[in-house]
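Engineer: any chance you could fold what I've pasted below:
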Amino acid sequence: MESILKFRCILWLFLFTFYMLQVLGSIEFSSFLRYFPLDGYTCSSENTVFRMENIFHLLACALVCSTKDHCHGVYFDNVTKECKGCVADFYDIPQILNGSVYYARDSAENTMKYANASFNGRRCDESASVFHKESMTSYQQCARACANNPLCYSYFYHPDIQECLGCQSEYGVLTNSPQLEEWNGSMYFGRFRYIGCYYNNPRSLENPHKLFEDSLTTEQCVGYCINGDFLYALTEFGDWCQCGNELSRNEILPSERCDMRCTGNTNQFCGSEYTGSLYIIHYW
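Structural biologist: From the prediction side, this is the model:
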């Protein structure tokens, strides 16, 4: 009788512990968002926060990531039971790991915080502004406002006066950026990033979706790829736009090899003959 009672107590304790782990895990996991285009990859060694083996549930992987400030996402391989926490998700080209699934942590916050400190203390002028919001208590709120606006490619957040300004251009990437004004105390964040000039014969992107535009700009191409939920945008020949989720080759050339002006904006470069200007897009 005593052994049966002890067994029941142990079983009850086990079930209660398992239930609490599920509850806590669900609470923490609610801040993670599945992002399918990054499935089948893993973060590079220099961007790895932690690596764990013999992890039998994704919840355990997410729980560990949630305790580390620099962990922005997790890769979990359900076959090998390996888990990796990454210090960056969409900002660096990941490495291939077939079978993995990817979840981004606090994606609206982490995805939109690709900052360029050289543009702090400034703002886009009214002609280039998409929105101007007040009573924003954090840059995360500002990030979500930009993420939900298809015309917003960057934003400035002022923590002292709690104001947010969404902009039509990505500063530091495009040479045609509209005039910037002084806004002392502001912080700058962008939505997409130029990776480099890539050799594009054969194609740099696996099974690319293409758009031919008589008057192409970098923003148009990136916007087209964003609407299709693609990870990469590539411009070529001045008027070609390609979107994709996988790189089929990784041959980077000197930037001067992408010297053809965009047909829609001669201040921008849209690749050249068999070379492409490649961008990585930040999602939420």
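Engineer: low pLDDT regions in the protein?
Structural biologist: Residue ranges of the chain with pLDDT under 70: 1-31, 33-38, 88-98, 105-117, 172-178, 250, 282-284.
Engineer: would you map the helices across the protein?
Structural biologist: 2-29, 58-66, 107-111, 139-147, 218-227 (DSSP state H).
Engineer: the last one packs against which elements?
Structural biologist: For helix 218-227, the elements it packs on are strand 209-212, strand 232-236, strand 240-244, strand 275-281, judged by 3 or more CB pairs under 8 Å, 6 or more residues apart in numbering; DSSP states H and E. Heads up, the C-betas are built off the backbone N, CA and C, glycines and all.
Engineer: out of those, deepest packed?
Structural biologist: strand 232-236 (a mean of 28; mean count of other CB atoms under 10 Å).
Engineer: who does that strand touch, helix- and strand-wise?
Structural biologist: helix 218-227, strand 240-244, strand 275-281.
Engineer: quick one: those as TSV, columns for distance to residue 85 too.
Structural biologist: Shown next, in TSV, are those (distance: least, CB to CB, whole Å):
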stretch	distance to residue 85
helix 218-227	26
strand 240-244	26
strand 275-281	20
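Engineer: just to revisit the earlier point, I'd like the helices and strands packed on helix 218-227 as JSON lines, with distance to residue 166 appended.
Structural biologist: Converted to JSON lines, the helices and strands packed on helix 218-227 look like this (distance: least, CB to CB, whole Å):
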{"stretch": "strand 209-212", "distance to residue 166": "24"}
{"stretch": "strand 232-236", "distance to residue 166": "20"}
{"stretch": "strand 240-244", "distance to residue 166": "23"}
{"stretch": "strand 275-281", "distance to residue 166": "16"}
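Engineer: wait, which of these is closest to residue 123?
Structural biologist: Within the helices and strands packed on helix 218-227, the stretch nearest residue 123 is strand 275-281; the backing value is 23.1 Å (CB to CB).
Engineer: so what touches that closest one?
Structural biologist: For strand 275-281, contacts defined as CB atoms under 8 Å, 6 or more residues apart in numbering pick out 90-91, 93, 173, 191-200, 204, 218, 221-222, 225-226, 230-236, 242, 253, 257-258, 269-271.
Engineer: can you list the domain ranges for this structure.
Structural biologist: 2-105, 119-190, 193-281 (automatic domain parsing).
Engineer: follow-up on the earlier one: among the contacts of strand 275-281, the buried ones, what's the PyMOL command?
Structural biologist: Written as a PyMOL command, the selection of buried residues from the contacts of strand 275-281, which uses 16 or more other CB atoms under 10 Å, is:
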select buried, resi 90+91+173+191+192+193+194+195+196+197+198+199+200+204+218+221+222+225+226+230+231+232+233+234+235+236+242+253+257+258+269+270+271
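Engineer: run the chain-centre distance for stretch 190-201.
Structural biologist: Stretch 190-201 sits 14 Å away from the centroid of its parent chain (CA atoms, centre = their mean, to the nearest Å).
Engineer: can I get that stretch as PDB, trimmed to CA atoms?
Structural biologist: Taking Å, rounded to 0.1, in the frame of the first residue of the first chain, the C-alpha atoms of stretch 190-201 are listed here in PDB:
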ATOM      1  CA  GLY A 190      16.100  50.300 -41.200                       C
ATOM      2  CA  ARG A 191      14.100  47.600 -42.900                       C
ATOM      3  CA  PHE A 192      16.400  46.100 -45.500                       C
ATOM      4  CA  ARG A 193      20.100  46.000 -46.000                       C
ATOM      5  CA  TYR A 194      22.400  45.900 -49.000                       C
ATOM      6  CA  ILE A 195      24.500  42.700 -48.900                       C
ATOM      7  CA  GLY A 196      26.700  43.300 -52.000                       C
ATOM      8  CA  CYS A 197      27.200  42.900 -55.700                       C
ATOM      9  CA  TYR A 198      26.700  39.200 -56.700                       C
ATOM     10  CA  TYR A 199      27.700  37.400 -59.900                       C
ATOM     11  CA  ASN A 200      24.300  36.400 -61.400                       C
ATOM     12  CA  ASN A 201      25.100  33.900 -64.200                       C
END
